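*Asks:* structure, please.
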Amino acid sequence: MLKMAVAAFVLSLACAAPVLAADEGPAPAPLVQPLPPAEETPGFQAVRPLPAAESPAAPVAAPAVAAPPPPPVAAPVPAAPAMASPPPMPVPPPPPPSSEPGLLPLLVQGGVAALMIAVGALVAGLVGIAAAAAGRRRDEAGRRKSAAATLVIELEARIQAFEAVPVPPNAEAGVSFVSAVVALADLDYGWRAVQASLYLLPERLAGHLAVHYAAVHHVGNFIKGQSFAAGLRMLQANRIGGHPCPDAGTMREAHVELAAAFRGLDKIVMGLKSIS
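*Replies:* Numbers count the residues shown, from 1 in each chain. Prediction:
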């Protein structure tokens with residue numbers, strides 16, 4: 001029984017030994033670090049103690065120096081496949097040696113430039129003159145057509161007014177004849193408006209128009225003068241009533257002259273229509 005108890009105690013000690021050793025941990029580091037050996041000065045003789053005083057001392061272990069970590073090794077880079085080198089570029093031939101330009105080439109270049117400027121200015125001037133002439137002709141054509149159209153309208157109205165003039169010696173138409181002739185002579189607003197453009201019409205056509213208007217004005221002024229004279233005679237005779245109009249013979253002569261002024265006017269109208 002005692003043997004069994006001793007054996008169990010020994011077995012428990014054996015099992016607890018590793019645990020106790022792990023709990024104790026590593027030995028504490030000494031508080032005072034040993035000094036490194038001093039470098040010997042050249043020519044210095046250290047004083048050695050007497051052999052009797054020497055005592056064996058335990059060798060002091062030098063502190064272990066940690067080895068530096070190995071440098072990192074770069075991963076091998078796969079080599080790029082070798083590419084064929086491009087063929088060498090052909091070397092351009094050296095430019096031929098150029099001589100310095102003299103005064104004569106500069107003069108020639110200046111003369112050519114001046115000639116080109118003069119030719120360009122001449123061409124531009126000719127083009128401008130041609131454009132201005134074309135514009136002037138276009139403007140004149142427009143003014144000619146406008147003048148012809150105005151005269152056509154007015155002459156057609158004058159022809160219709162002449163056909164409405166009463167024919168003398170109608171005793172009842174004396175006052176109407178005077179009024180119609182005077183009104184017909186004053187129907188010339190279109191003729192006055194185209195005076196500035198009259199030179200654009202053909203010369204013969206413009207001449208016939210001038211004669212026609214002048215003749216009608218002359219007849220109108222003649223009739224007005226005769227009517228004024230008739231009014232004076234009525235005043236001298238102390239006649240009250242009636243109308244101061246010329247006598248039948250005078251009105252007949254005026255009508256004949258008026259008919260002569262309108263003769264051939266239809267041909268003038270046709271010529272103006274061909275222009276407009």
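*Asks:* from now on I want contacts and neighbour counts done on CA atoms only, so please keep to that.
*Replies:* Will do.
*Asks:* how many neighbours does residue 121 have?
*Replies:* 12 (other C-alpha atoms under 10 Å).
*Asks:* phi first, then psi, for it.
*Replies:* phi -60, psi -40 (degrees, to the nearest 10).
*Asks:* report the secondary structure state of residue 238.
*Replies:* coil (DSSP: H, G, I helix; E, B strand; the rest coil).
*Asks:* from residue 143, how far off is it?
*Replies:* 56 Å (C-alpha to C-alpha, to the nearest Å).
*Asks:* these two: who's more crowded?
*Replies:* residue 143 (19 against 9).
*Asks:* who are the packing partners of the helix or strand harbouring that one?
*Replies:* Following DSSP states H and E, the helix or strand that holds residue 143 is helix 103-163. Counting contacts by 3 or more C-alpha pairs under 8 Å, 6 or more residues apart in numbering; DSSP states H and E, helix 103-163 packs against helix 174-185, helix 189-193, helix 265-275.
*Asks:* can you list the buried residues in the second one?
*Replies:* So that's helix 189-193. Across helix 189-193, burial judged by 16 or more other C-alpha atoms under 10 Å covers 190, 191.
*Asks:* what's the answer for the first one, then?
*Replies:* Going by neighbour count (16+ other C-alpha under 10 Å), the buried part of helix 174-185 is 174, 175, 177, 178, 179, 180, 181, 182, 184, 185.
*Asks:* doesn't residue 163 make contact with the third one?
*Replies:* No. Here residue 177 does not reach residue 163: they are 11.7 Å apart, not a contact under C-alpha atoms under 8 Å.
*Asks:* residue 144: neighbour count?
*Replies:* Residue 144: 22 neighbours (other C-alpha under 10 Å).
*Asks:* what about it, distance to residue 258?
*Replies:* Counting by C-alpha to C-alpha - residue 144 and residue 258 are separated by 28 Å.
*Asks:* do the same with residue 124
*Replies:* For residue 124 relative to residue 258 (C-alpha to C-alpha), the value is 57 Å.
*Asks:* and the two? Which one has more around it.
*Replies:* The residue with more neighbours, out of residue 124 and residue 258, is residue 258; 20 against 12, by other C-alpha under 10 Å.
*Asks:* in the helix or strand hosting the more buried one, what's buried?
*Replies:* Assigned by DSSP H and E, residue 258 belongs to helix 248-262. By neighbour count with 16+ other C-alpha under 10 Å, helix 248-262 contains the buried residues 251, 252, 254, 255, 257, 258, 261, 262.
*Asks:* could I get the average pLDDT for that helix?
*Replies:* Throughout helix 248-262, pLDDT has a mean value of 88.
*Asks:* what helices or strands is that helix leaning on?
*Replies:* helix 174-185, helix 203-236.
*Asks:* what packs against the longest one?
*Replies:* I take that to be helix 203-236. helix 174-185, helix 248-262, helix 265-275.
*Asks:* need those helices in a markdown table (columns: distance to residue 199).
*Replies:* Shown next, in a markdown table, are the helices and strands packed on helix 203-236 (distance: least, C-alpha to C-alpha, whole Å):
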| stretch | distance to residue 199 |
| --- | --- |
| helix 174-185 | 23 |
| helix 248-262 | 22 |
| helix 265-275 | 14 |
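*Asks:* tell me where the protein is predicted with low confidence.
*Replies:* 1-102, 169-174, 239-243 (pLDDT under 70).
*Asks:* excluding sequence neighbours, find me the nearest residue to residue 180.
*Replies:* Of all residues beyond its chain neighbours, the one nearest residue 180 is residue 165 (5.8 Å), with distances taken as C-alpha to C-alpha, 6 or more residues apart in numbering.
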